[in-house]
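# I need the structure of the sequence given here:
(chains A and B)
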Amino acid sequence: MTDSFILGLSSGSACLATCGMVMFPYLMAGSAGVKNIAIDLSLFLFTRLFVYIILATVSWYFGQALLTNPVIRNIVPGVLYIVFAVMLVWYSISKNRNPDCPAKIVKTLNKRKLVPVLLGLVNSLGFCPALFIILTKGATQNTLVHSYLAFIAFFVGSSVWFLPLPLAGKIQKKEVLKNIGILATGLAGIIFMIKGLTNLIGGIING
Amino acid sequence: MDNSLKIATMKKSFGISLLYTVPMFLITFMFMTGGRPNFSDPSSALAVMSAFILVNILYFLMHYTGKTDKYRAVLFIIFALSLSFTLIRNMVAMRNSMSFSEADILECKIPFCHLVIPMMILPAAFTKSIIFPGSIIGGFANISSMVVLWLVATIVLGRGFCSWGCFYGGWDDGFSRMKKKPAIKKISGLWKWMPFAVLIMVALTAALTLMPTYCAWLCPFKAVTEFEQVTSVESAAKAGVFLTLFGGLVVVLPVMTRKRTQCSFLCPLGAVNTLSNKITPFTLKIDKNACSECYKCVEVCPLYAITREDIKSGNVSLFCSKCGKCVDACNKNAIHYGIKGIPPGTMKNFSRNLFLFVSFLFMAVFSAGSIISTLQNLLKLIF
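As a prediction, this is how the structure comes out:
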């Protein structure tokens, strides 16, 4: 659960770094105030949790169907962890990091109440390296409950970054927070690279 | 006023320097001997005397030459080396090894260090328990004494703790002085936010797992203190991580950049100490009237704490550890120790004398035990 939480932390910081500029205006639009923003934020987070529960179920069933050999269960995730972790590190160090956020599509919506729900949907399905890693993890869990727990830890970790949103207007030095978030992403990438290597070596030794 | 005269303002005559050293002389004498020097054991007496003389000569020279960092670094590096020597020696005497086992964790026999403090806060608040497997009071390097020492030093010195109190900082400080010119000159300023990212990660993961995750996975100083026994692929990975971080951030990069890269880019306590610079009374000030914007201070700062923009705005950033390297490099005496509330360019000598007394006294008293113990053991080895 710890590594899923760390991954969530990294994913949340990356989302906030890239999507913050799209999400702030919607979550804080009009005369919202802290209470209304908190309601919007709850809807946004609830949608994300719902999507993650579905992904946990799907990934676990895929894992049960495809990763049948115990050695493969270590080696395949090990390789995938390393690949996705390298992508995560690359994201944090790349100067050409894509600033576009998939949540931009919600700009076309007219109904404001649907915005947090759709933002949550788009945000949780934004296929980034961190999501690939947690899908890999979900697929390799022994039971469905463990897969749920991994995704919930991932959700909690990523949500930490969104909690200050109701107070976003009062936060100064947003650039500093963005930098810290990006560095945390790279750090999580390194952690998962090590985890991948550990899995891979463990799998080879046990095989 | 010409440059030589301006430099001379920080220098003092032999007699005045001696006079400034008297309080340090008396206090360190009391701390090192308990007021009753014991000459019954010659090696012990020689060790105490050597440490006492070393500390007081360095303090005297700070006043006599007007240079700070040069003499601070000598004691700071000796402190780091002697602490590691003492710790390793104790570990080997207790366990016949630098590594600790599961049993040592269960019996709470792990010496505590200040780097754990940021990870302890959240779990302590929620569970009312200390997550580190060490002794709370009593025993070697116990938790309560280290927390109190760190707290007092941080309130008084702010991030000055990192250059005057941390017993690890001397390692990368030492390696950063090995080459005269840096091989790597430019590193992005973005990296100096890394300790904050590490701090967030380790504080939250420690709260979630109720384990000191930084110690378990990241701390590079396990290479010179103690580490987990390698019994599995995971513990081997942990060993690989701390050895890589030690080699990279404490040895290779400091040599290549002439900067304290571990302190600048990894240490989570450094991040906490950076924030504490807001409350400390001591700071570094830039006298804009005297500054010629030569940027020597920017070049020599080991913690990336001063930028060209800081010089232009006349403020040193919160990342400053008050090591004094920039103060020594400035031949206009434009950057100087100051006290909050006192305008830049005024009371330079008073501020420096006060800061040096407090910070050096802390380092001298804090380091005395391990320096004396190391000297004793070295003397026993020689004779």
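# May I have the distance across stretch B:248-261, first residue to last?
Criterion Cα to Cα, to the nearest Å; first-to-last residue distance in stretch B:248-261 is 9 Å.
# top helix in chain B by residue count?
In chain B, assigned by DSSP state H, the helix with the most residues is helix B:348-382.
# Quick one: residues contacting the closest residue to B:Lys322 other than its chain neighbours.
Closest residue in space to B:Lys322, ignoring its immediate chain neighbours: B:Gly160 at 4.1 Å, by Cβ to Cβ, 6 or more residues apart in numbering or on different chains. In this view, the C-beta of every residue, glycine as well, is placed from N, C-alpha and C. By Cβ atoms under 8 Å, 6 or more residues apart in numbering or on different chains, the contact set of B:Gly160 is B:153, B:280, B:282, B:321-322, B:355, B:359.
# Rebuild those as TSV, extending it with neighbour count.
Output for the contacts of B:Gly160, formatted as TSV (neighbours: other Cβ atoms under 10 Å in any protein chain shown):
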residue	neighbour count
B:Ala153	25
B:Thr280	21
B:Phe282	21
B:Ser321	29
B:Lys322	28
B:Phe355	25
B:Ser359	25
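# With pLDDT added, can I get these in JSON lines?
Putting these into JSON lines (pLDDT from 0 to 100) gives the following:
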{"residue": "B:Ala153", "pLDDT": "89"}
{"residue": "B:Thr280", "pLDDT": "92"}
{"residue": "B:Phe282", "pLDDT": "94"}
{"residue": "B:Ser321", "pLDDT": "95"}
{"residue": "B:Lys322", "pLDDT": "96"}
{"residue": "B:Phe355", "pLDDT": "95"}
{"residue": "B:Ser359", "pLDDT": "96"}
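# now the residue nearest to B:Lys322: how far from chain A?
To chain A, B:Gly160 is 22 Å away according to Cβ to the nearest Cβ, to the nearest Å.
# Then B:Ala80?
With Cβ to the nearest Cβ as the criterion, B:Ala80 and chain A are 26 Å apart.
# what's the burial count for the spatially closest residue to that residue that is not a sequence neighbour?
Spatially, and ignoring its direct neighbours in sequence, B:Ala80 is nearest to B:Gly170 (2.7 Å; Cβ to Cβ, 6+ apart). By other Cβ atoms under 10 Å in any protein chain shown, 24 other residues sit near B:Gly170.
# Repeat that for B:Pro23.
Residue neighbour count, defined by other Cβ under 10 Å, stands at 12 for B:Pro23.
# so where's the stretch 101-250 of chain B uncertain?
Low-confidence segments of the stretch 101-250 of chain B, defined by pLDDT under 70, are located at B:105-109, B:138-141.
# Chain A contacts on that one?
B:190-191, B:193-194, B:196-198, B:200-201, B:204-205, B:208-209, B:213, B:217, B:233-234, B:237, B:240-241 (Cβ under 8 Å from any Cβ of the partner chain).
# lowest average confidence, helix or strand, in chain A?
Within chain A, no helix or strand scores below helix A:2-27, which has a mean of 65 by mean pLDDT, DSSP states H and E.
# correct me, but B:Leu190 touches A:Ile180?
No: counting by Cβ atoms under 8 Å, B:Leu190 stays clear of A:Ile180, with 9.7 Å between them.
# Pick out whichever of those two has more residues nearby.
A count of neighbours by other Cβ under 10 Å puts A:Ile180 above the other of B:Leu190 and A:Ile180, at 22 against 13.
# Please name the residues that touch that one.
A:13, B:193, B:196-197, B:200.
# go with 10 Å
For A:Ile180, the contact set (Cβ atoms under 10 Å, 6 or more residues apart in numbering or on different chains) comprises A:13, A:17, B:190, B:193-200, B:271.
# out of these, which is most surrounded?
Most surrounded of these: other Cβ under 10 Å gives A:Ser13, at 30 neighbours.
# Alpha carbons only: can I get stretch B:11-30 in PDB?
Extracted C-alpha coordinates of stretch B:11-30, given in PDB (Å, rounded to 0.1, in the frame of the first residue of the first chain):
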ATOM      1  CA  LYS B  11      40.100  41.400  11.800                       C
ATOM      2  CA  LYS B  12      41.100  42.100  15.400                       C
ATOM      3  CA  SER B  13      44.400  42.600  17.100                       C
ATOM      4  CA  PHE B  14      46.000  39.600  18.900                       C
ATOM      5  CA  GLY B  15      45.000  41.000  22.400                       C
ATOM      6  CA  ILE B  16      41.400  41.700  21.500                       C
ATOM      7  CA  SER B  17      41.100  38.300  19.800                       C
ATOM      8  CA  LEU B  18      42.400  36.700  22.900                       C
ATOM      9  CA  LEU B  19      39.900  38.700  25.000                       C
ATOM     10  CA  TYR B  20      37.100  37.500  22.800                       C
ATOM     11  CA  THR B  21      38.300  33.900  23.200                       C
ATOM     12  CA  VAL B  22      38.200  34.000  27.000                       C
ATOM     13  CA  PRO B  23      34.400  33.300  27.400                       C
ATOM     14  CA  MET B  24      34.700  30.400  24.900                       C
ATOM     15  CA  PHE B  25      37.800  29.200  26.800                       C
ATOM     16  CA  LEU B  26      36.000  29.100  30.100                       C
ATOM     17  CA  ILE B  27      32.700  27.500  28.800                       C
ATOM     18  CA  THR B  28      34.400  24.800  26.800                       C
ATOM     19  CA  PHE B  29      36.700  24.100  29.700                       C
ATOM     20  CA  MET B  30      33.700  23.500  31.900                       C
END
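# Many thanks, we can stop here.
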